[in-house]
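[1] Have a look; sequence and predicted model below, questions after that.
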Amino acid sequence: AKENGRNGYRFFEAAMDEAQNDRRRLELELREAVHANAFEVHYQPQIDVTTGRATGYEALVRWRHPVRGLVSPAAFIPLAEETGLIVNLGAFVLEHACREAGTWPSELRVAVNISPVQLRRSGLVERVRDVLEASGLAPERLEIEVTESVLMDDDDAIATLHSLQGLGVRVALDDFGTGYSSLGYLRRFPFDRIKIDRAFVSGRADAHATIILRTIVDLGRRLGIPVTAEGVETPAELELVRRIGCSEAQGYLVGRPSPHPQPVRPDLLARVP
Ligand code: C2E
Ligand code: CA
Ligand code: CA
Ligand code: CA
């Protein structure tokens, strides 16, 4: 047994080394990728649930990796944040999104995810203003999505969000319901939109998820903040979020993220039960 323990320990050490090597390799690759601009931005539609028409598209970044193909942001955003690479990567996404949206019909907005690291860096407001100016996009057509972790005890972050709103840019609270004290953040900052995390929407017909969903939508209505349901995958889910009063919906049923924004099918609402 002693022998086993010893080997187990060595095995553990080896596994740790390997994990560290993997991380170092990934960091190196990511650094090169940011340098070489090996990223794509995909766009996923959002609709008004009463008309079924597109209201805008969310920009979602992908890494074009030579071996692994298109890598999902979940696999590299955390590392990009830890290493600060998110600042340049985020600037690229913002520019791409504003330039792209500048070519869309003027009723469509574009949503861009902003990491807490970007928000804490000084200069974000100036950067956004410059990018808007260069792209000619009306500020009202840009929506910045932040998660509540951004706001944790951070008055500077809140001041930055106020400045962005001062430019005319909209600010959405993303992944609502997944954090610790979402309600407190609604008091601390006047968000223009709440996005309900797909955990409460997709693949869950269970009563508890639906009650939470209803409560969030009701809260949004009382606060006068429109609510978008994320992760709408089936006609039944679209029907549910529409019935309980969400303003907008996003999800695979409405459209998948794609490099060129796809129009929303005009008969989408007709398929709803
Ligand atoms: P998010 O902001 O919550 O974005 C929505 C995610 O849900 C996207 O994953 C989207 O592809 C996925 N999704 C949309 N509809 C459905 C659906 O019906 N079912 C399911 N199962 N999933 C759906 P993606 O593109 O892999 O992005 C993951 C996360 O990475 C994003 O979550 C966001 O937090 C982050 N991210 C993506 N792009 C950026 C970026 O440019 N900057 C920053 N800071 N973060 C980003
Ligand atoms: Ca988002
Ligand atoms: Ca989200
Ligand atoms: Ca998320």
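    Received, thanks. Ligands and ions are numbered 1, 2, ... in the order given.

[2] Burial check on the residue lying closest to residue 150 once chain neighbours are set aside, number of neighbours?
    Nearest non-adjacent residue to residue 150, counting by CB to CB, 6 or more residues apart in numbering: residue 116, 4.5 Å away. No exception for glycine: its C-beta is placed from N, CA and C like everyone else's. Here the neighbour count serves as a burial measure; for residue 116 (other CB atoms under 10 Å) it reads 18.

[3] who in the stretch 51-200 of the chain is up against ligand 2?
    With CB under 5 Å from the ion as the criterion, the stretch 51-200 of the chain comes near ligand 2 at residues 113, 145, 174.

[4] Where is pLDDT lowest across those residues?
    The member of these with the lowest model confidence is residue 174, at 94 (criterion: pLDDT).

[5] what does the protein have sitting close to ligand 3?
    Within the chain, the positions near ligand 3 by CB under 5 Å from the ion are 174-175.

[6] remind me, longest strand of the chain?
    Using DSSP state E to define each element, the chain has its longest strand at strand 54-65.

[7] Tell me the neighbouring strands of it, and mark each as parallel or antiparallel.
    Looking at strand 54-65 with DSSP bridges, its partner strands are strand 39-48 (antiparallel), strand 69-71 (antiparallel), strand 109-113 (parallel).

[8] shouldn't residue 227 be in contact with residue 214?
    No: contact status for residue 227 versus residue 214: not in contact, 10.7 Å apart, counting by CB atoms under 8 Å.

[9] who's more crowded, those two?
    Neighbours were counted for residue 227 and for residue 214 using other CB under 10 Å; residue 227 has more, 25 against 15.

[10] so where does the residue nearest to residue 251 when sequence neighbours are not counted fall, helix or strand?
    Spatially, and ignoring its direct neighbours in sequence, residue 251 is nearest to residue 232 (3.3 Å; CB to CB, 6+ apart). Per DSSP states H and E, residue 232 falls between elements, in no helix or strand.

[11] The helix ranked longest in the chain versus strand 39-48: what angle between them?
    Longest helix in the chain by number of residues (criterion: DSSP state H): helix 2-36. Angular relation of helix 2-36 and strand 39-48 on a 0 to 180 degree scale: 80 degrees, by axes from the mean of the first three to the mean of the last three CA atoms, to 10 degrees.
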